[in-house]
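Participant: Mind folding the following:
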Amino acid sequence: MAEYETCILGLRLALNVDVKDLQVISDSNLLIHQVREEWATKNEKIILYVVLVQRLADRFQEIKFKHIPRTQNEFADALATIVSMIQHPDSRYIDPVKIEIRDQPAYCAFVEVETEGKPWYIDIKVYLEKGEYPEGITLN
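Facilitator: Have a look, this model is predicted:
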């Protein structure tokens, strides 16, 4: 159920920022094959999750679900480590994490939540929708 809830949260976030094409990668063989309708789902609780993931998936122009075995997914271990270190005051909230694969080492910075109660990516969303920079920001 936790894997389905994570997938649903990710799909909703992608829809919220108007993503049209998406590739969902998971080390959960069960989730991927159930969502693709390649494996039957008998558990009534899981059926509700599968249906919701499929409804959300229908809202994308193109979406692919890909399975990567846990042994080949070092990102899963890295994310599990990050999650174990972060405690959010609202236990129902999960901060989105963007992962990029690079040829060189990458450096990351802590992103703080805006004080106005808007998500951290609101300026990016406004820029993508309207082409407007946040107030006080230059082209540089």
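Participant: Could you point out the helix or strand that follows the lowest-mean-pLDDT helix or strand in the chain?
Facilitator: One helix or strand of the chain scores below all others by mean pLDDT, DSSP states H and E: helix 74-85, with a mean of 69. Once helix 74-85 ends, the next helix or strand along the chain (criterion: DSSP states H and E) is helix 122-130.
Participant: Identify the residues contacting that following helix?
Facilitator: Residues from elsewhere that reach helix 122-130 (Cβ atoms under 8 Å, 6 or more residues apart in numbering): 16, 17, 18, 114, 132, 133, 134. In short, each C-beta sits where N, CA and C put it, glycine included.
Participant: and which of those is nearest residue 25?
Facilitator: The shortest approach to residue 25 among the contacts of helix 122-130 belongs to residue 17, at 18.1 Å (Cβ to Cβ).
Participant: how much space between the closest residue to the closest one other than its chain neighbours and residue 13?
Facilitator: What sits nearest to residue 17 in space, not counting adjacent residues and going by Cβ to Cβ, 6 or more residues apart in numbering, is residue 125, at 5.3 Å. In this structure, residue 125 and residue 13 are 11 Å apart, going by Cβ to Cβ, to the nearest Å.
Participant: what residue ranges in this structure score low on pLDDT?
Facilitator: The chain contains residues with pLDDT under 70 at 76-77, 79-80, 83-115, 139-140.
Participant: how about the nearest residue to residue 57 once chain neighbours are set aside, what does it touch?
Facilitator: Closest residue in space to residue 57, ignoring its immediate chain neighbours: residue 63 at 4.8 Å, by Cβ to Cβ, 6+ apart. Listed by Cβ under 8 Å, 6+ apart, the contact partners of residue 63 are 21, 22, 23, 24, 57.
Participant: tell me, how many neighbours does the spatially closest residue to the first one that is not a sequence neighbour end up with?
Facilitator: In space, and not counting its chain neighbours, residue 21 is closest to residue 62: 4.4 Å by Cβ to Cβ, 6+ apart. In terms of burial, residue 62 registers 9 neighbours under the definition other Cβ atoms under 10 Å.
Participant: Perfect, that will be all.
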